[in-house]
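[1] sharing a model prediction with you, sequence too.
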2 protein chains.
Amino acid sequence: MEEKVMSIGTVCDLTGLTERQIRYYEEKKLIFPVRSKGGARKYSFEDVERVKEINGKLRDGFHTFELRKAGKACCE
Amino acid sequence: MEEKVMSIGTVCDLTGLTERQIRYYEEKKLIFPVRSKGGARKYSFEDVERVKEINGKLRDGFHTFELRKAGKACCE
DNA sequence: CGTGTAAGGAATTCTGACACG
DNA sequence: CGTGTAAGGAATTCTGACACG
């Protein structure tokens, strides 16, 4: 599914990461959650997979700016 | 997907119903969300469909206790 | 750079109840 | 019966910042 329906806490549960890490990946333009009326971030299952992948790459020594290219399109 | 990941507010957004209605359907044993540590209800996309179906049936004149049978197994 | 944390506020969700019909 | 609402509390999420390295 590609629907953005879960809050950051759920993503933490599914990935084992912290809110801080997930928000940071967004800050670095690696993931793009949508916002609910209240301003809360909403993620999709796709985002969850992406977050796991990002964290894995970082563990392998990559840097966030290098991962940006690995996304869908490129540059910008 | 069958994973319970969205909070009640998201279900409201997806179904157009109120929290009250959704909680009531649970009270009547028509849906079974799980609870997060904090006690918040978590629903799956399947639950969302079920909620829509329930509300539709109610509009058609059915009563909650009649819809219970329509679920998976029966009685209990 | 990637992540931890304390800080204060705003939005979310919870339960039990009274209401109408 | 199915749903609305006001009530008070507890848990969630948000942002900007200081910290380490």
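    Thanks, I have the structure now.

[2] who in chain A is up against DNA strand C?
    Within chain A, the positions lying close to DNA strand C (CB under 7 Å from any atom of the strand) are A:18, A:20-21, A:24-25, A:28, A:36-40, A:55, A:58, A:62-65. Placement of C-beta: from N, CA and C, glycine included.

[3] and the residues you listed near DNA strand D, which?
    Within the residues of chain A next to DNA strand C, those near DNA strand D by CB under 7 Å from any atom of the strand are A:39-40.

[4] restrict the residues of chain A next to DNA strand C to contacts with chain B.
    The subset of the residues of chain A next to DNA strand C within reach of chain B, counting by CB under 8 Å from any CB of the partner chain, consists of residue A:36.

[5] so of the residues of chain A next to DNA strand C, which ones are in helices?
    Judged by DSSP state H, helices contain the following of those: A:20-21, A:24-25, A:55, A:58, A:64-65.

[6] using JSON lines, lay out these together with neighbour count and distance to residue A:6.
    Formatted as JSON lines, these follow (neighbours: other CB atoms under 10 Å in any protein chain shown; distance: CB to CB, whole Å):
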{"residue": "A:20", "neighbour count": "10", "distance to residue A:6": "17"}
{"residue": "A:21", "neighbour count": "16", "distance to residue A:6": "16"}
{"residue": "A:24", "neighbour count": "15", "distance to residue A:6": "18"}
{"residue": "A:25", "neighbour count": "21", "distance to residue A:6": "15"}
{"residue": "A:55", "neighbour count": "16", "distance to residue A:6": "17"}
{"residue": "A:58", "neighbour count": "16", "distance to residue A:6": "22"}
{"residue": "A:64", "neighbour count": "15", "distance to residue A:6": "22"}
{"residue": "A:65", "neighbour count": "10", "distance to residue A:6": "27"}
